[in-house]
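A.B. asks: Turn this into a structure:
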Amino acid sequence: MQAKSQRYRQFPVRLELSVSDQLDRYAKLTRIPKTTIARFAIEKFVNEIEISGLVGAVEEVFAASRSDANQAK
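C.D. replies: Numbers count the residues shown, from 1 in each chain. The predicted structure is shown next:
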């Protein structure tokens, strides 16, 4: 039950196949709709921009991406 009415705007997002596959897997595993997972991730990123500033948030995301890529090797 929602406490207040939410208004949403749709926009298309293109994901790499590997990311799309991961999103499918986690949505199925958690039974959380992909839209909800994506909305949460985007909101978290936008909030981090507000807290850390754009440069800080982007650096944090790219640092995590590099770390993930190194672990995959």
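
A.B. asks: which intervals of the protein have sub-threshold pLDDT?
C.D. replies: The model of the chain has pLDDT under 70 over residues 1-4, 66-73.

A.B. asks: biggest helix in it, by residue count?
C.D. replies: In the chain, assigned by DSSP state H, the helix with the most residues is helix 34-72.

A.B. asks: residues contacting L54?
C.D. replies: Residues near L54 by CB atoms under 8 Å, 6 or more residues apart in numbering: none. Placement of C-beta: from N, CA and C, glycine included.

A.B. asks: quick one: it from E16, how far?
C.D. replies: Counting by CB to CB, to the nearest Å, the gap from L54 to E16 is 23 Å.

A.B. asks: And R39, by the same measure?
C.D. replies: Distance of R39 to E16, computed by CB to CB: 19 Å.

A.B. asks: So between the two, which is more surrounded?
C.D. replies: Using other CB atoms under 10 Å, the more surrounded residue of R39 and E16 is R39, with 12 against 8.

A.B. asks: which SS state does Y8 fall under?
C.D. replies: coil (DSSP: H, G, I helix; E, B strand; the rest coil).

A.B. asks: buried sites along the longest helix of the chain?
C.D. replies: 48, 57 (16 or more other CB atoms under 10 Å).

A.B. asks: who's in contact with Q6?
C.D. replies: Here Q6 is in contact with no residue (CB under 8 Å, 6+ apart).

A.B. asks: Show the backbone phi and psi for it.
C.D. replies: Backbone dihedrals for Q6, given as degrees, to the nearest 10, come out at phi -110, psi 140.

A.B. asks: what do you get for P33?
C.D. replies: phi -60, psi 150.

A.B. asks: Now do the contacts for P33.
C.D. replies: A27.

A.B. asks: And the one 5 residues further on, by the same measure?
C.D. replies: By CB under 8 Å, 6+ apart, the contact list for A38 reads 13, 23.

A.B. asks: how close does the residue nearest the centre of the chain get to V55?
C.D. replies: The centroid of the chain falls nearest to A41 when counting by CA atoms, centre = their mean (2.9 Å). Distance of A41 to V55, given as CB to CB: 20 Å.
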